[in-house]
Every structure is written in C-alpha cells, then in structure tokens.
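Undergrad: Could you work out the structure for the sequence below:
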Amino acid sequence: MLDRAMRHHQSGDLRQAEALYLAILEQDPAQADALHLLGLIAHRSGEPEKAIELIGQAIRRRPTAVAFHSNLGEVLRVSGQLDAAVRKFEAALAIDPNFADAHGNLGAALQTLGQSAQAIGYLRTAVRLNPDFFEAYMNLGNALKDEGRFAEAAASLQQAVRVNPSAVEAHVNLGTVLTGLGQLQEARAHYQEAIRIRPGLLAAHMSLATLLKEENLFLEARDSYHRAFQIRHGGQLWNAPSFNEVRLERAQPIAEPIQTTRFELINMIEHIEYLIDKGKIDRSFAQMADQYRSVLQEVDPAIAQTELVTLTTEQATRIVDFHHQVIRYTDAPRVSACAVNEKLNFKDIERTYLSSSIAVVYFDNFLNSEALRQLRDFCLGSTIFFRRARAGVLQSYVGYGFDCSLLFQIVEELKQRFPQVLRNQVLGNMWIYRYPSEGEGVKAHTDNGSVTFNFWITPDDANLEPKRSGLVVYAKEQPLDWDWGRFNRDKDDPRVQREIGDFLASAKSVTIPYRENRAVLFHSNLFHRSDSFRFKDGYENRRMNITLLFGDRG
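TA: You can find the predicted model right below:
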C-alpha cells in the first residue's frame, strides 16, 4: 500500500496519497514513512504546524533517517524558524555528511540569515554532490552576488539555467548579475527569454526596462516600462468604451484591507468626473464615481485629507473590482520639434549651476507650449496616480504609469543641452507628485542620485500664494555615511525629522517660488523640501511637480 501511496504522491494526486497514508497509519500508527510523507503533504497544503508534528513523529520512530531531519529543517526554514531549521540540517549532516539536500538547504537557511559567506561552502558542496541541484545553483549564485563575487555568481546561475532552462527566476537573476558585470547584451537576452517563457513576469519587464534606460535606449525602455504598468494596473476597464459593457468578476475574496486617504478618494471622484466632462470616457463611468463617493461620505470628515484610513470590508467590496485599475491611458507622444524651449540659453544656465555655491539654479519657460500642453493633458487625462507618499501626496513613477513618450524626449534633450552636468549621467528615475489644495508637502530629504531636475506644470492662476508654494533647497548635504534609506523612507517620522531639523538648524537655504513651467536644477544630495502651499480647489488646480533624477548619489 505504501508503494501505491507514493506513486500517487509523486504524480501529484495528493488527496489519494493522503487517504492511503492515513489507511496505513490506522493499521500501524508508528509507520515512519507514512508519517513523514503525510507531513510533506501537510507542508505543501500550507499547514506547517501539522507538518512539523508529523515529521517530528517520524523522526522519533526512526532517528537515523537523514531525509526526515532534512525535510523537517526545510519545513522550519520555509515557515521562518531559521535557527531551528539550521539545527535540523546539521543533524542530517551528522548522520550523512554526503547528503546533498541537507547541504543545499542549510546553505539556503544561512543565506536567509544574512550569512552568505558561510552559506557558500555548503552550497558548493551541494552542487558537487549533485551536479543537477537547481535550487543550490540558484542560492549559490545569489549568495556570491551578495558577497560581490559577480563573475562566480554568473557561472553558478548559468549552471542553474543549464539544469532548468525554463526557470524564469534563473534568467532574471542571471540578467541582473550580467548587468553588474557590464555584459549588457547577454543580460538583455536573459530578460527577454524570461519574458518569452512568462510574458506577464513583472520583474523581467522592469529589469529589462532599467537596462535599456541605462543604455539610453529610451524608446525601447518606454515600451518595457509601459508593459510593466499594464501588468500592475491593467484590466478590463483599460480604455473600455463603457462601464456597462465591462463584466467585472472578483476572482477571490478581498485578501487584505484597502487603505486609502480622503484625498485619494476625492481625487478619483474628481478624475472620473473630469474625464466624463471632457468627453474622454463614457458617462456610464459615473457609477464608479458614485461608489467612491459613497465610501468617502462614510469617512469621518474630521480626519485630515492626507491621513491614512482603513476601509471596512463592506466599503472595500464596493470599490475593489475597479480600485487601482486604469480607466483611461493615452500616451503623450513625442513632439515634432524640440520639447524644451530653444530660446533658453542653456550654456548660461549650466554655467550658473556649476558656479553656484550650493549647486542650484532655476529658470522659467522650460518647455515649449505644445510640449507643456501635451504633458499636462497626459497627467490630467490618464489614470496613473496609484501610489501615496506618507506626506499624503499622490504619486506616479516610471513603471507605474509615468512613462509617456514625451517624457523620454525631454530627458534626451536635457542630456544634450547640459553636456557637462547630464550627458554622462544615467537617468535614474522619473516621478510626478500630485498634492491636495494646501499643506506642507514633502518634508526635508535628499534624493538618491547625483542631479535632480524638477519642474512644475499646474497653471499659475491656481496658486493662491504666488510668492511661495515652491521648493526650499538647503546649502547642506546629507553625509554619505548616513543610512539614506532611513532618512528618506522615514522622513515623516517625528524622530527622523528632529534629527534632520537639528542637522539643518544653522544651514542657509534658497526658497524658489512656484511658477508654471519653472525648472529647478540642483545637486541631489542637498536637503530640500516643499514650501508650504495653497492652491485653488478643483481637479485641474492641483499642484503637480515632475522630477527627473540622474546619476548615483555616491
């Protein structure tokens, strides 16, 4: 009966295998193999506690079974009990020092614990004992990459691809390592192979887009970023002719609570109504606005517009079928002439920046009228604002919808016109922030780049504070030994703000008032923040700034 159960197990018929294992245990409760294999089924079924108990019983029945110890260690590792997992793998190796699985699994556990150097030895032994051990090659490649040993990492990941050519994660990881080695053509081929195998693999599209961007192949990069955006936020509603013609079906229950802000709900309502009023979407989409409005009306109006709120299950159910899905997306194409204003003296602007005591310069009339109009139409007319900053602003980044063709044209022209500052700098990121009517905006921080280029696109008549509402740049850089991630990610944390405030207490600063089509060029590692602002209410009046980030912070 055990042989028959194992055949079902190996063929994937877990229900039949489980029934036979239970029948065996009814006859012999101490049957170690049945306990062990039943535990593996529990593990595959997402029941780690049951798996640990069953395999533990098997070990007590047969303490010298090396596979029992190794598999229990793997269950413990996957469930996050890493120290206990390490002890089990070590117990397996004490029984059989040549058991490849235990070497591989112990290496994986040590790598997860951040002990990559120690993991490498076990993983090398694993692949020596089993030259077709795919997971060990993968983990060895990643551990070597963590240690900065990129050539060795590439060799290990190439072996992983040899063992399992259809493993998309191996192609993506190998592409990343090859990119680090400067072997860009080879890296691109592996990203493209991963996409061929699994067209909807987000990581492959993003990695390919980043590589193409860094090669200044902006047209190709734009296509890959846009595909990533479609994977993230595409669906049946994308440019649908009518809301009534779309049959939205929820595939599964709501997995986790929806968190939002009053401002995000307000913006979605206003956006839908704006698109209807402009004739860009069918009036049937007003049903979506009504659903958002019904939720907004139940959120306490005393809560600040930018404060995070968690919707009830019932509230979430009303909007989950279309929340954070694209309703409308229309590319802003490249303009036939130059996008930037050719009348500007870019040589003088660059000279001023390079000679500035705090590496900052600003100038007006950055884009020509056609480019400014098309870019503003894109930002107002396309559904791209799916991310929130802790400051309450809505955001979009390249790969998250902020990837229109015109933006890449602007980048190309900037690199040409600022040769000393930008020509040799790689485009790092692009983003747009959309603000509520008034507030303090983004707190003091630095950018993870070398040069930041910022410009504003909302018309001046929306700004109720013409002498401010722009940007404050401090004449003080963030020390390179500071944890940049902490001081950027947690910049809204009062403790972090106190540290930054103390650091900037005696620093001089430059305040740059808001102007439509005004651009600011500054050194990314200078602390900067939004100036307090007050704009007219209404969808088209929201303050919007665009940022292009170039180079590396170091």
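
Undergrad: use CA for all of it now, contacts and neighbours both
TA: Fine.

Undergrad: give me the element residue 522 is part of.
TA: Secondary structure assigned from DSSP states H and E places residue 522 in strand 519-523.

Undergrad: That strand pairs with which strands?
TA: In the sheet containing strand 519-523, its partner strands are strand 360-363 (antiparallel), strand 451-456 (antiparallel), by DSSP bridges.

Undergrad: most packed of those?
TA: With neighbours taken as mean count of other Cα atoms under 10 Å, the strands paired with strand 519-523 reach their highest mean count in strand 451-456, at a mean of 24.

Undergrad: Next, count neighbours for residue 272.
TA: Taking other Cα atoms under 10 Å as the criterion, the count of residues near residue 272 is 25.

Undergrad: Give me the residues contacting the strand holding residue 522.
TA: 353, 358-364, 366, 450-456 (Cα atoms under 8 Å, 6 or more residues apart in numbering).

Undergrad: Send me that strand as CSV with only the CA atoms.
TA: Output of strand 519-523 as CSV, limited to C-alpha atoms (Å, rounded to 0.1, in the frame of the first residue of the first chain):
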residue,chain,number,x,y,z
ALA,A,519,12.5,74.3,-13.7
VAL,A,520,15.0,73.8,-10.9
LEU,A,521,18.3,72.0,-11.3
PHE,A,522,20.2,71.1,-8.1
HIS,A,523,22.6,68.6,-6.6
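
Undergrad: as a whole number, average confidence for stretch 257-266?
TA: This predicted structure assigns stretch 257-266 an average pLDDT of 93.

Undergrad: Pull out the buried positions in that stretch.
TA: Buried residues in stretch 257-266, defined by neighbour count with 16 or more other Cα atoms under 10 Å: 258, 260-266.

Undergrad: List the ones among those that fall in helices.
TA: Restricting these to those inside helices, with DSSP state H as the criterion, leaves 262-266.

Undergrad: ok, now which ones touch the residue nearest to residue 180 when sequence neighbours are not counted?
TA: Taking Cα to Cα, 6 or more residues apart in numbering, and ignoring the residues beside it in sequence, residue 180 has residue 150 as its nearest neighbour in space, at 7.2 Å. Residue 150 is in contact with 144, 177-178, 180-181, counting by Cα under 8 Å, 6+ apart.

Undergrad: next one: residue 318
TA: Residue 318 sits next to 291-292, 295 when contact means Cα under 8 Å, 6+ apart.

Undergrad: Read off the pLDDT value for residue 20.
TA: Residue 20 is assigned a pLDDT of 64 by the prediction.

Undergrad: could we number from 830 for the rest of this?
TA: Yes, from this point I'll number from 830; that puts the last item at residue 849.

Undergrad: domain parsing for this structure?
TA: 831-1062, 1064-1154, 1175-1379 (automatic domain parsing).

Undergrad: Look at the second one and report the distance between its end residues.
TA: Just to be clear, that refers to domain 1064-1154. The straight-line separation of the ends of domain 1064-1154 (Cα to Cα, to the nearest Å) is 7 Å.

Undergrad: Same question for stretch 1109-1117.
TA: Distance between the two ends of stretch 1109-1117: 15 Å, counting by Cα to Cα.

Undergrad: centre of the chain versus that stretch, how much separation?
TA: 30 Å (Cα atoms, centre = their mean, to the nearest Å).

Undergrad: same question, stretch 900-917
TA: Put simply, stretch 900-917 sits 29 Å off its chain's centre (Cα atoms, centre = their mean).

Undergrad: Quick check: buried residues in stretch 941-953?
TA: Buried residues in stretch 941-953, defined by neighbour count with 16+ other Cα under 10 Å: 941, 944-945, 948-949, 951-953.

Undergrad: surely residue 1289 meets residue 1345?
TA: Yes: Residue 1289 sits in contact with residue 1345 when judged by Cα atoms under 8 Å, with a separation of 5.5 Å.

Undergrad: Which one of those two is surrounded by more residues?
TA: Each of residue 1289 and residue 1345 has its neighbours counted (other Cα under 10 Å); residue 1345 has more, 21 against 17.

Undergrad: which ones are touching the more buried one?
TA: By Cα under 8 Å, 6+ apart, the contact list for residue 1345 reads 1285-1289.

Undergrad: What is the nearest of those to residue 1301?
TA: Closest approach between the contacts of residue 1345 and residue 1301, by Cα to Cα: residue 1285, at 14.1 Å.

Undergrad: any weak-confidence spans in this protein?
TA: Within the chain, the stretches with pLDDT under 70 are 830-835, 837-840, 842-843, 846-847, 849-854, 863, 867, 1077-1084.

Undergrad: For it, which segments count as strands?
TA: Defined through DSSP state E, the strands belonging to the chain, from first to last, are 1088-1090, 1137-1139, 1189-1192, 1216-1217, 1223-1226, 1256-1263, 1267-1268, 1280-1285, 1300-1306, 1338-1341, 1348-1352, 1355-1359, 1362-1363, 1373-1379.
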